[in-house]
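> have a look at this fold, sequence not included:
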C-alpha cells in the first residue's frame, strides 16, 4: 500500500500506529479499541479508514519500509513532545497536523485510544527521534491523599507522631560505638515514653489510650528515624509491657504498667534460649514453685539453656522470663514470670548473670544480651497469671484445661509483636525505595549522539522494573497489616488462632520482601547507596534480623501451612489427622481435577488485569498445594510413619503452601480495601497497584503454574510483558507514589534523596 502524501486524517494516526506496532503487546482487545475509535472518527474519509484498518491485522503487520517512513515523518516534523501535556501523544499528533494544515482541531478519538490503551510517554519517547520535554514526575495524583488513605483512621495519631520525630534528638548521625549508640537510643525511647507513645496500647488507667492499631501505625514510622530505636521501643513497650498487659492481671497492671509505659521501669522479654530459638514449647529454663516459702525458683539447668539475644538486657531492671512452670513436681508448660534482675543501683541481683551479645550486623543501638538464672527466687505473685495461676494453697489452676490450647493462647500475645516487626520491615523497605527513587529522578546516565542530555535513571525500563513492583507491594502490604492489626485488636474475637496463622505467614513474606527490596534499592543507587550517609546501608543491617526474630520465617511459614491444613480446628497428631484429611478431601478433590481451559491461553489485557483472574490463580495454588501436601502426609501415615516424621518429609512443601497462602491473603485483603476507596481517581490508581502486585507474584511463580498446566507459555510471556508495561505506565507517578508513603522530609536526610 503506497500512500506517501498522507491525508490529514491518516497523518494524525501515524504516531499511534508507529508506537503500537513497535510494541509487541498489541492484543486483539487493543486492536478493537483502535478500530472502534476509527469507526467513530468522522474526520476520516472512507479511504483513510480503509488504509488505517488494513494495518490493524496482527497477521499482516506493516512492512519495515512503511514503519521506517512513518518514523521519518515523525522525526522530520520538528515538533517537541511535551510529557507534561494532559494527553501527550494526542497533543503531539495535533501539532503534526497544525504543522501541515491550517485546520487542526484536537481529536478526542485519539485521546480515547491514549486513555484506553494506557499509553504513557515512556512507552514511545525512545522510539521517536525528536526533542522530548521531560517532566521528572507528574502531579496528577496528590501524595497527601494517598498517604491519608493508608493512614485511615490513624491519620491524626500518625501525623502528630511524625511531627514529634522532628525533635533534634531524632536527627540521624553516624554512630559506630555501641555504648554511645545504645545510650542515645535509650534517651530516644525515654523521650517517647514521656510523650505518652510507649503507653499508647495500654488501658487509660495506666496512661494509655487503648489503641493497639494506632501503636502499630506509628511503629512503622520509627524506622524512618532508626531501626535500633524502633526495636528498643518495641521491646520495652510492646514485648515487656505487652507481656504484663496481656499475660498479667490487675495486680500486675497496677504495680508495673504505668511505670513501664513511661520508660521509668525498663524491662526485657526473656523467651528465646540458645538451645531453643524458635521452639518456645521446648525451652529448658524452669520455674519451680516452692510451697514452703511461697515463691518461685527460676533456674537455668544447662550450658545452652540461657536466654539469648534478649533486647534491653543491659539496661533493664526486670525481665518477663518464660519458663517451664513446675508445681508439685508436675510440669504445666511454659508460663511467664516477672523477675527483678537488677537493684536500684543497677547491680545484678544474686544468681543473675548477663553477658553482652556484642556487635551485630545491625541494630547496634539495641543492648542484646545473654541471661542465666541460678536458683533465683521471686514471689508467687510474680507469675503472670491470666491463663494459669498458683493458688494460695499451692496448687495449679487454669480455666484452660488443655495444656496445648493454653500454650497457644498464651503465644497468641506474640501476634501483635509479629505485626509490628513486619510493619518495621515494611518501613525500612519504603525508606530505601524513597531514597532510590528520588536519586533516580535526578541522576542521569548514558545517552546517544542525538539527545542533548543523558537520560534519567528512572526512565530506563530496567530501573522501572527493579523498583516499581516493589512500590506496589509496599502498598499491598501496608493495607494488609493495618487490617490484620484491626482484627487482632478486636476484643470480640477471643480465639486468636486464625489471626496467628495469618500473621505468621505475612510476617515471613513481608520481612523477606523488605530485605530483598532494600538490597535492590542499594544496588539501584550504585556506589552512592553503599555510603553510610545515604542510610540504605543502615537499613540493610537493621532489617536483616527481622527474618529471624519474633519467629524464624521458615518456622512461621510452617505454622501458617499447618493452620491451613487443620482448618484452624484440629491439632496435628496421628489421632486427629483423619478428620483433617476428610475435610480437605471433600472440599478440594472435586475442584482440582480439571483446569478451566479458557484461562490457560487467554492473554487479553482485560483478562490479565482482572482481579477475578488473580484471585482464582492465587486460590487455585493454595488449594492445590493444600490438597497435595495432605495426600502426601496421609500416605506416609498410612504406611505407619509417625505424624511428626511425615511432616518432616513434606517440610519444603509446607513452606511453599505457607507462602502461597500468605500472598493470596495479602492480595485479597488489598482488593477488598480498594473497593472502599470513594474517590475514583485514587481507587483506579490503587487497583493498578494491585494488578501489578498480582501479576508480578504470578510471574515469580510462573514455573509452578506452567508445571500444573494452569497457564501456557504464551500466557506466561504475556504476564511478564504486562509487568514491564505497568511498571512503565506508573513511571510518571513514581515520585508521587513514594511521597505517598508519608515519610517526613526531616527523616529523609540522605544526600542523594535531596
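Thanks, I have it. Predicted model, so just to flag it, every value in this text is computed and none were measured.

> quickly note the distance from residue 718 to residue 609.
Per Cβ to Cβ, to the nearest Å, residue 718 is found 11 Å from residue 609. For the C-beta atoms, the positions are set from N, CA and C on the backbone; glycine is no exception.

> residue 622: what's it in contact with?
By Cβ atoms under 8 Å, 6 or more residues apart in numbering, the contact list for residue 622 reads 564, 657, 660, 661, 664.

> wait, residue 238
Counting by Cβ under 8 Å, 6+ apart, residue 238 has contacts 201, 215, 219, 416, 417, 420.

> hang on, the fifth one in a helix?
I take that to be residue 417. Yes. Residue 417 forms part of a helix when assessed by DSSP: H, G, I helix; E, B strand; the rest coil.

> could you double-check that it lies in contact with residue 234?
Yes. If you go by Cβ atoms under 8 Å, residue 417 and residue 234 touch, sitting 6.9 Å apart.

> out of those two, which sits in the busier spot?
residue 234 (28 against 22; other Cβ atoms under 10 Å).

> grab the nearest non-local neighbour of the more buried one.
Distances taken as Cβ to Cβ, 6 or more residues apart in numbering put residue 420 closest to residue 234, at 5.6 Å, once the chain neighbours are dropped.

> so what's the residue count around that neighbour?
Count around residue 420 with other Cβ under 10 Å applied: 27.

> residue 214 and residue 197 touch, don't they?
No. Using Cβ under 8 Å, residue 214 makes no contact with residue 197, being 9.6 Å away.

> between these two, who's got more neighbours?
Between residue 214 and residue 197, residue 197 has the larger neighbour count (other Cβ under 10 Å), namely 25 against 21.

> now do residue 44 against residue 110, distance only.
According to Cβ to Cβ, residue 44 stands 11 Å off from residue 110.

> if we can go back for a sec, of residue 718 and residue 609, which one has the most company?
Set residue 718 next to residue 609 and count neighbours by other Cβ under 10 Å: residue 718 wins out with 23 against 19.

> what distance do you get for the more buried one to residue 705?
Using Cβ to Cβ, residue 718 is found at 13 Å from residue 705.

> kindly report the same for residue 235.
Separation of residue 235 from residue 705 (Cβ to Cβ): 42 Å.

> could you do residue 276 as well?
Between residue 276 and residue 705 the computed distance is 38 Å (Cβ to Cβ).

> which of the two has more residues huddled nearby?
When residue 276 and residue 705 are compared for neighbours, residue 705 comes out ahead with 21 against 17, by other Cβ under 10 Å.

> just say helix, strand or coil for that one.
Using three-state DSSP, the structure places residue 705 in helix.

> how near is the nearest residue to it once chain neighbours are set aside to residue 743?
Spatial nearest neighbour of residue 705, excluding adjacent residues (Cβ to Cβ, 6+ apart): residue 711 at 4.6 Å. Here the distance between residue 711 and residue 743 works out to 37 Å (Cβ to Cβ).

> now do the strands in the chain.
Remark: strands assigned in the chain by DSSP state E are 81-82, 132-133, 267-270, 286-290, 295-299, 307-310, 318-327, 330-340, 352-356, 369-373, 376-379, 389-390, 396-397.

> weakest of those by average pLDDT?
Here the lowest mean pLDDT among the strands of the chain goes to strand 132-133, at a mean of 70.

> and the gap between residue 266 and residue 612?
Counting by Cβ to Cβ - residue 266 and residue 612 are separated by 52 Å.

> one more: residue 471?
24 Å.

> please identify which of those two sits among more neighbours.
Shown here are residue 471 and residue 612; by other Cβ under 10 Å, residue 471 has more neighbours (26 against 9).
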